[in-house]
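Visitor: One predicted model, sequence on top.
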Amino acid sequence: MPKDFRMQRISDLIRTTLSEILLQEAEDKRFHGVTITRLIVSRDLKNAKIYVSFMTDHPPKEMITALNHGAKYLRYRLAHTVQLRITPELRFYYDDSQVKGQRIRTLLNKALKGK
């Protein structure tokens, strides 16, 4: 249990710090509309899977490619901001749960209005 709590604290720290870096320091203005929805850090702290959603009109595939291209810079900034023994490699993935949720909500509303 204590290790899970520690991993959760590390994930939360990386998530908030990375969000601030994307919002305040990223030169690419597209990154200002990125929301980190979930972050999973491996037990050995070598890898981090970062699930993101976007509040921009850019295609998700393009945004994920841009984020993964800038992952080394983001890792560098993260390492200088957060005091961890190991700074994980960052991999970004598109979280389409909000889009799917909106689609389901729309379908439910149509079904309820049809009755």
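Guide: Looks like it arrived, so ask away.

Visitor: Isn't residue 56 up against residue 30?
Guide: Yes - using C-beta atoms under 8 Å, residue 56 is in contact with residue 30, at 5.8 Å. Just so you know, the C-beta spots here come from the backbone N, C-alpha and C atoms, and that holds for glycine as well.

Visitor: what is in contact with the two at once?
Guide: Residues within reach of residue 56 and of residue 30 at once, by C-beta atoms under 8 Å, 6 or more residues apart in numbering, are residue 63.

Visitor: Residue 26 and residue 67 touch, don't they?
Guide: No - under the criterion of C-beta under 8 Å, residue 26 is not in contact with residue 67, lying 9.5 Å apart.

Visitor: what touches both of those two?
Guide: Common neighbours of residue 26 and residue 67 (C-beta under 8 Å, 6+ apart) are residue 74.

Visitor: The two: which has the busier surroundings?
Guide: For the pair residue 26 and residue 67, the greater number of neighbours falls to residue 67 (24 against 18), based on other C-beta atoms under 10 Å.
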